[in-house]
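Asker: coords please:
(4 chains)
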2 protein chains.
Amino acid sequence: MRHSIAQASASSGLSIDTLRYYERIGLIEPPERDAGGRRSYSDEDLRWLEFLTRMRTTGMPLAMLREYAALGQAGPAASARRRRILVEHRATLVAHLAELRACLDVIDYKIENYARIEREFLGRDQEMEASA
Amino acid sequence: MRHSIAQASASSGLSIDTLRYYERIGLIEPPERDAGGRRSYSDEDLRWLEFLTRMRTTGMPLAMLREYAALGQAGPAASARRRRILVEHRATLVAHLAELRACLDVIDYKIENYARIEREFLGRDQEMEASA
DNA sequence: GCTTGACCTGGAGTGCGCTCCAGCTCCTAG
DNA sequence: CTAGGAGCTGGAGCGCACTCCAGGTCAAGC
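Answerer: Numbers count the residues shown, from 1 in each chain, chains lettered A, B, ... in the order given. The predicted structure follows:
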């Protein structure tokens, strides 16, 4: 199956401009072109885009992804280097996840605290009503 | 206890420039000044900075934090609005956490895959050695 | 054959969140 | 008394990751 840039955009969630931008900076291989010179993405292209967007949501910088992309997929040397990049990024991601969980606890604590404050004020208002 | 901007920077992890920047954009109340006109942060200022950095690590934008900061801490109305902001942000954070966990699974899968590829190549090399 | 709409290119512009700088003041130590 | 270091201000600059634009091509439908 071949896909237009609009389809690639819809399936990846990346804007059309971003797709062309990624191509320019070497993040994605220039896809084939149809008879009219328009980009035609393969299924594998789409899978690569999906992987890219996943790594982007984890905050992996474009430069790192470019490095990863530039290695190509063939051979044990590329495999080892790609794996090293992923292992490294995995560590920062795990650390970040731990931080986020800690922040979530803080947020939950704060929310509960504000709720408590509001209940207290509410209680006071009711007392005032009762004494009026 | 009073703290210089250098101490506030060290304790919060924010750069001195960032501290002044946050003050300019209304993220932090202008701290008191010492006799020489230099900023002097209170313990409570530091606690606010700690909260800010936590929210920043969760990706809360400065504009949202400014809104939160502008509400002040007094009264049930401010409390309710602050709580709403936190509840809203909490939802995006929880969603983001789920995404990150999914990405982590993908990374783990890929790492294992690359490791497998390397083992296979290694096996082939050993066979080649054995047959040589 | 003309319009419409998707797509093309190269390059400029944008928003966020800092970061740096020049030129100044003030305090402290020697 | 002076040299050095921390801090001050207003404003400019920067890096990242897009995003937008002008001006053009191409294929399809009326």
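
Asker: Check the residue nearest the centre of chain A and give its pLDDT.
Answerer: Nearest to the geometric centre of chain A sits A:Thr57, at 1.1 Å (Cα atoms, centre = their mean). According to the prediction, A:Thr57 has pLDDT 97.

Asker: what comes up buried for the longest strand anywhere in chain A?
Answerer: Longest strand in chain A, counting residues (DSSP state E): strand A:39-42. By neighbour count on 16 or more other Cβ atoms under 10 Å in any protein chain shown, the buried set for strand A:39-42 is A:Arg39, A:Ser40, A:Tyr41. Every residue, glycine included, has its C-beta placed from N, CA and C.

Asker: Now do the last one against DNA strand C, distance only.
Answerer: Okay, so that is A:Tyr41. Applying Cβ to the nearest atom of the strand, to the nearest Å, the value for A:Tyr41 to DNA strand C is 9 Å.

Asker: How about the contacts made by that residue?
Answerer: A:Arg2, A:His3, A:Ser4, A:Ile5, A:Gln7, A:Ala8, A:Pro31, A:Leu49 (Cβ atoms under 8 Å, 6 or more residues apart in numbering or on different chains).

Asker: Top of the residues you listed by number of neighbours, please.
Answerer: A:Leu49 (23 neighbours; other Cβ atoms under 10 Å in any protein chain shown).

Asker: wait, doesn't it sit right on A:Gln7?
Answerer: No - using Cβ atoms under 8 Å, A:Leu49 is not in contact with A:Gln7; the gap is 10.8 Å.

Asker: re earlier: export the buried residues of strand A:39-42 as TSV, with columns for distance to DNA strand D.
Answerer: Formatted as TSV, the buried residues of strand A:39-42 follow (distance: Cβ to the nearest atom of the strand, whole Å):
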residue	distance to DNA strand D
A:Arg39	12
A:Ser40	12
A:Tyr41	17
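
Asker: Turn the residues you listed into TSV, including distance to A:Gly75 and pLDDT.
Answerer: Listed next are those as TSV, based on distance: Cβ to Cβ, whole Å; pLDDT from 0 to 100:
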residue	distance to A:Gly75	pLDDT
A:Arg39	28	97
A:Ser40	27	97
A:Tyr41	25	98
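
Asker: could those residues go into TSV alongside distance to A:Asp105?
Answerer: Shown next, in TSV, are the buried residues of strand A:39-42 (distance: Cβ to Cβ, whole Å):
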residue	distance to A:Asp105
A:Arg39	46
A:Ser40	48
A:Tyr41	42
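
Asker: Okay, A:His96 and B:Leu86: tell me how far apart.
Answerer: 20 Å (Cβ to Cβ, to the nearest Å).

Asker: more crowded one of the two?
Answerer: B:Leu86 (22 against 15).

Asker: and that one, what does it touch?
Answerer: Neighbour list for B:Leu86: A:Ile107, A:Lys110, A:Ile111, A:Tyr114, B:Tyr68 [criterion: Cβ under 8 Å, 6+ apart].

Asker: can you tell me which of those lies nearest to A:Gln73?
Answerer: Nearest to A:Gln73 among the contacts of B:Leu86 is A:Ile107, at 40.8 Å by Cβ to Cβ.

Asker: Return the distance of the closest one relative to B:Asp43.
Answerer: 22 Å.

Asker: between the two, which one's more packed in?
Answerer: A:Ile107 (21 against 10).

Asker: how much does the longest helix along chain A deviate in direction from helix B:75-131?
Answerer: Identified as the longest helix of chain A according to DSSP state H is helix A:75-131. Calculated by axes from the mean of the first three to the mean of the last three Cα atoms, to 10 degrees, helix A:75-131 forms an angle of 160 degrees with helix B:75-131.
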